[in-house]
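K.L.:
next one to model:
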Amino acid sequence: MDSMDKRILAELQVNAKQNTKEIAGKIGLSVTPTYERIKKLEQRQVIRSYVALLDRDKIGKQVVAYCQVTLLQHQKDLIAHFKEKILLLAEIMECHHVSGNYDFLLKVVTNNIPEFHEFINQKLSVVDGISTIHSSFVMHSLKDTTAFNL
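P.N.:
All right, here's what the predicted structure looks like:
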């Protein structure tokens, strides 16, 4: 990946709805090579998907919490079971297997506190193998981006 590819990726991260002609004009390349570079980036899975980023406040998602989850044991089967169950829970926006004082860090988004409470009590805490769950609520987001610095 060269500097031109990085410029294309930077443009797409700002606005993925731009057409190839717009991107080409911004990076100083003609349309056909720009199109070919984008296609190669897609084929190599550098560009995994194009998505719409929603304003969570405008769709009623008022609660963002980070849950630190510790498992009972570090067994391959238990970890695999946990991962399988987590993928089924729509409230979980991100799940990271981490090092440190806990095993997994989850980003959970719900409409309100009662819905979060229901999620914890009826969905997450019933997953076999969980020892502890500690939750921290986002009070205010100073920075919330999806764009990588290339």
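K.L.:
just the element for the most centrally placed residue in the chain, please.
P.N.:
The residue lying closest to the centre of the chain (Cα atoms, centre = their mean) is Glu94, at 5.1 Å. Assigned by DSSP states H and E, Glu94 falls within strand 92-97.
K.L.:
same thing with Gly60?
P.N.:
If you go by DSSP H and E, Gly60 is not part of any helix or strand.
K.L.:
Ser135 should be in a helix, yeah?
P.N.:
No: read with DSSP: H, G, I helix; E, B strand; the rest coil, Ser135 is strand and lies in no helix.
K.L.:
check what pLDDT it gets.
P.N.:
On pLDDT, Ser135 comes in at 98.
K.L.:
which strand residues bridge it?
P.N.:
Cys67 (DSSP bridges).
K.L.:
against Thr34, how distant is Tyr1?
P.N.:
One thing to correct before we go on: residue 1 is Met, not Tyr. Going from Met1 to Thr34 by Cβ to Cβ, to the nearest Å gives 15 Å. In short, each C-beta sits where N, CA and C put it, glycine included.
K.L.:
compare the two and say which is more crowded by neighbours.
P.N.:
For the pair Met1 and Thr34, the greater number of neighbours falls to Thr34 (24 against 13), based on other Cβ atoms under 10 Å.
K.L.:
setting the sequence-adjacent residues aside, check what's closest to that one.
P.N.:
Ala24 (4.0 Å; Cβ to Cβ, 6 or more residues apart in numbering).
K.L.:
same check, this time on Ile86
P.N.:
Cys95 is the one closest to Ile86 (Cβ to Cβ, 6+ apart), at 5.1 Å.
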